[in-house]
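>>> what follows is a predicted structure for the sequence shown.
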Amino acid sequence: MSIVTSVKEKICIMINCSLEKARIQNELNFEEQPNYMIEVPREKAHGDFAVNVAMLLSKQVKKAPRAIAEIIVKNIEDHEGLLAKTEIAGPGFINFTLNNAWIYGILPQVLREDKAYGGSDYGKQEKIQLEFVSANPTGLLHMGNARGAALGDTLGNLLEAIGYDVTREFYINDAGNQIENFGKSLEARYLQQLGYEVAFPEEGYHGEDVIDTVKTIIAEVGEKYLHIDSALRREFLIQKALEEKITAIRNDLASFGVEYDVWFNEQSLHDSGAISKTMQELQEKGYVYEKEGALWLKAKLMGDEKDEVIVRANGLPTYYAADIAYHKNKFERGFKKVINIWGADHHGHVARMKGAVKALGYDPEQLQIIIMQLVRLLRGGEIVRMSKRSGQYITLSELIDEVGKDAARFFFVMRSPDSHLDFDLDLAKAESSENPVYYVQYAHARINSILKALGTGLPQAQEVDFRLLSEVTEIELIRKIADLPEEVLQAAINLEPHHLTRYAQELASQFHSFYNSCRVLCDDERLRGARLLLVDATRITLRNVLGLLGVSAPERM
RNA sequence: GCGCCCGUAGCUCAGUGGAUAGAGCGCUGGCCUCCGGAGCCAGGUGCGUGGGUUCGAUUCCCACCGGGCGUACCA
């Protein structure tokens, strides 16, 4: 357990005891203890921890909050000598100021846990499946996919850090209408490249990359597929093109630091009969009816706005049907939690997916879907126009070439998924202080530089008197370091990785302040030892945060 | 029309049922004969509008205004 959490628990016990005592002595009359909060106040003047229990009791007890607070404070028994000061303030807060002693236990813990610092065993190795990106294999990865990749991978790191067994998964939509369409586009380009004038399909994939793909294929097989049945020709072209596209996607993601445990083919659900089996199950449960030649799922029963087609009049299952079978497959593999990250353009799919999960007999709460808003690219203050249909878009690999993996990942995670993301290419590229990722990395490089300048090794924690660290910037840096486990836990369970980038910036900032006000390599040997270990603990904390973000922690820049 | 997301400082965005709402960028002025100045310190009339719930609302609820995205036998 983190030290901050254990201190909060101690305060909680003291308050609970005090409340019980007051009740027995008939000083406070209440039926049930309110669900109060122990929080770290924004204002330093309000102490280390603040409690709002008196305000919450006011109604039950029929006393003014401040009067209640006084009774609680009077009855507090501080056996451990934890408290330096207790104050009643504002509308009825009880503010606790602690003796600094507890803070000094933090650094040895960080140094001891090292790479594990920040993590916990909250998840008890429960299996979580995390599906993200799952881009159509008919093109390259665009900015939306890139945001999903950074978010998903960071979230995976966070969940692993708090003790979950995470499976990262990419669902390849290698079946259905769009693949048909892809085939038509490939065929048209193939024939065009070989000198035939054929019309390009209206709804086809216009991107340059399709032409490149076809050129590669021609280089290999030439005109072999010119005089052949169109269906066979398309089948061949699709297979070759998918291989190439999927490899490209996989490589791009790898160079973005994202590795998957499972690449799951939609086609396999068709081939294995999983889709028809799932449709049959839904039918047997009475959730399916026929209308106008198609099969419909009674999604309205499950809370969706309207019913949905699962098998078309032409007999082919819809994407929705395949996705239902896929999710059934996920739960059958034993995942207790299933998380999907989708772009905002898929949000209409959320209710019906949850509905389908419910229809299959699973708890829809087990499926969590993160909807992320769209990305806008800015260059020179102007919006960069993109359109997938026309093939005019910036790909992930181009982005990595332009701004680098570190900046790209940091920027994508910096904003809440709910928020539209304006990605400023110029800022992400800037190798200067205005770029937040450099600011954080600089702190890490600076620390390594100090440790290198030292020449000798670091002292042992048990040889050092941490109480010598009494400057304001030292105490605040230690407090910030101490916050990591709670930050990681909250970011992970709330599925909000963006808290991590903020924390990284705050930690770096706190370090820089400390650095400017305290000389680490000072003449006083004992003080130097304590400061060196503070700096080393900062290094560990920074490195671990950057690691969770998938951003490198350079030793020099 | 209906549904989801968003509206907070000049800009990009955090945040919270509570005590004086924050960060980065930009702008202005200061700071090492010393461990990396890619740094530090200082400078702020801002929660879209109107109701409601509450001891207390920027936060929760309702209506409205503005922006984005959905609303296919596409995915």
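Ah, there it is.

>>> just want the most central residue of chain A.
Taking CA atoms, centre = their mean as the criterion, residue A:155 is the residue nearest the geometric centre of chain A, at 2.9 Å.

>>> roughly how far apart are that residue and RNA strand B?
For residue A:155, the distance to RNA strand B (CB to the nearest atom of the strand, to the nearest Å) stands at 14 Å. Glycine gets a C-beta too; all of them are placed from N, C-alpha and C.

>>> neighbours of the closest residue in space to that residue that isn't next to it in sequence, how many?
In space, and not counting its chain neighbours, residue A:155 is closest to residue A:497: 5.2 Å by CB to CB, 6 or more residues apart in numbering. Using other CB atoms under 10 Å, residue A:497 has 26 other residues around it.

>>> and the one 10 residues further on, by the same measure?
Residue neighbour count, defined by other CB under 10 Å, stands at 22 for residue A:507.

>>> that's a strand at residue A:377, yeah?
Yes - counting by DSSP: H, G, I helix; E, B strand; the rest coil, residue A:377 is part of a strand.

>>> quick check on the residue nearest to residue A:155: phi, psi?
Here is the backbone geometry of residue A:497 (degrees, to the nearest 10): phi -60, psi -20.

>>> so it sits against residue A:154, correct?
Yes - using CB atoms under 8 Å, residue A:497 is in contact with residue A:154, at 4.3 Å.

>>> anything in contact with each of these two?
Residues touching both residue A:497 and residue A:154 (CB atoms under 8 Å, 6 or more residues apart in numbering): A:413, A:549.

>>> coming back round to it: what's the pLDDT at the residue nearest to residue A:155?
What the model reports for residue A:497 is a pLDDT of 96.

>>> the one 5 residues further on too?
The score at residue A:502 is 94. That number is its pLDDT.

>>> and if you look at the one 5 residues further on?
Each residue has a pLDDT score; the one for residue A:507 is 96.

>>> how much space separates it from RNA strand B?
Going from residue A:507 to RNA strand B by CB to the nearest atom of the strand gives 11 Å.

>>> residue contacts, that residue?
By CB under 8 Å, 6+ apart, the contact list for residue A:507 reads A:440, A:443, A:480-481, A:484, A:538, A:541-542, A:545.

>>> who in the stretch 101-250 of chain A is up against RNA strand B?
By the rule CB under 7 Å from any atom of the strand, the part of the stretch 101-250 of chain A lying against RNA strand B is A:136, A:173, A:176-178.

>>> show me how to select, in PyMOL, the buried members of those.
Command for PyMOL that selects the buried part of those, burial taken from 16 or more other CB atoms under 10 Å:
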select buried, chain A and resi 136+173+176+178
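
>>> close to RNA strand B: what parts of the stretch 251-400 of chain A are there?
Contact residues, the stretch 251-400 of chain A versus RNA strand B (CB under 7 Å from any atom of the strand): A:291-294, A:305-306, A:309, A:312-314, A:318-320, A:344-349, A:371, A:373-374.

>>> tell me the buried residues in the lowest-mean-pLDDT helix or strand in chain A?
The weakest-scoring helix or strand in chain A, judged by mean pLDDT, DSSP states H and E, is strand A:382-384 (a mean of 80). Neighbour counts over strand A:382-384 (16+ other CB under 10 Å) mark no residue as buried.

>>> direction included, what does that strand pair up with?
Sheet partners assigned to strand A:382-384 using DSSP bridges are listed as strand A:375-379 (antiparallel).

>>> can you mark which positions in the partner strand are buried?
For strand A:375-379, the buried set under the neighbour-count rule, 16+ other CB under 10 Å, comprises A:375, A:377.

>>> tell me the mean pLDDT for it?
For strand A:375-379, the mean per-residue pLDDT is 87.

>>> can I get the contacts of residue A:507 in CSV with secondary structure and neighbour count?
Shown next, in CSV, are the contacts of residue A:507 (DSSP: H, G, I helix; E, B strand; the rest coil; neighbours: other CB atoms under 10 Å):
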residue, secondary structure, neighbour count
A:440, helix, 26
A:443, helix, 23
A:480, helix, 20
A:481, helix, 24
A:484, helix, 27
A:538, helix, 26
A:541, helix, 24
A:542, helix, 23
A:545, helix, 24
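
>>> near RNA strand B, from the residues you listed?
Okay, of the contacts of residue A:507, nothing touches RNA strand B (CB under 7 Å from any atom of the strand).

>>> with the residues you listed in mind, which one is nearest to RNA strand B?
When those are compared for distance to RNA strand B (CB to the nearest atom of the strand), residue A:443 wins out at 7.7 Å.

>>> please name the nearest non-neighbouring residue to the closest one.
residue A:508 is the one closest to residue A:443 (CB to CB, 6+ apart), at 3.9 Å.

>>> how far away is that neighbour from residue A:3?
21 Å (CB to CB, to the nearest Å).

>>> more neighbours: the two, which one.
Each of residue A:508 and residue A:3 had its neighbours counted (other CB under 10 Å), and the higher figure belongs to residue A:508 (24 against 16).

>>> isn't the more buried one right up against residue A:445?
No - at 10.8 Å, residue A:508 and residue A:445 do not qualify as touching, with contact defined as CB under 8 Å.

>>> quick one, phi psi at the nearest residue to residue A:69 once chain neighbours are set aside?
Nearest non-adjacent residue to residue A:69, counting by CB to CB, 6+ apart: residue A:54, 3.8 Å away. Dihedral angles of residue A:54 (phi, psi; degrees, to the nearest 10) stand at phi -60, psi -40.

>>> who touches residue A:54 in this structure?
Residue A:54 sits next to A:65-66, A:68-69, A:72, A:88, A:92-94 when contact means CB under 8 Å, 6+ apart.

>>> of all those residues, which comes closest to RNA strand B?
Of all the contacts of residue A:54, RNA strand B sits closest to residue A:93, with 3.4 Å by CB to the nearest atom of the strand.

>>> hmm, that closest one is touching residue A:50, no?
Yes - with contact defined as CB under 8 Å, residue A:93 and residue A:50 form a contacting pair (5.0 Å).

>>> so how far is residue A:210 from residue A:140?
10 Å.

>>> residue A:467 reaches residue A:103, doesn't it?
No - in this structure residue A:467 lies outside contact range of residue A:103 using CB under 8 Å: 9.5 Å.
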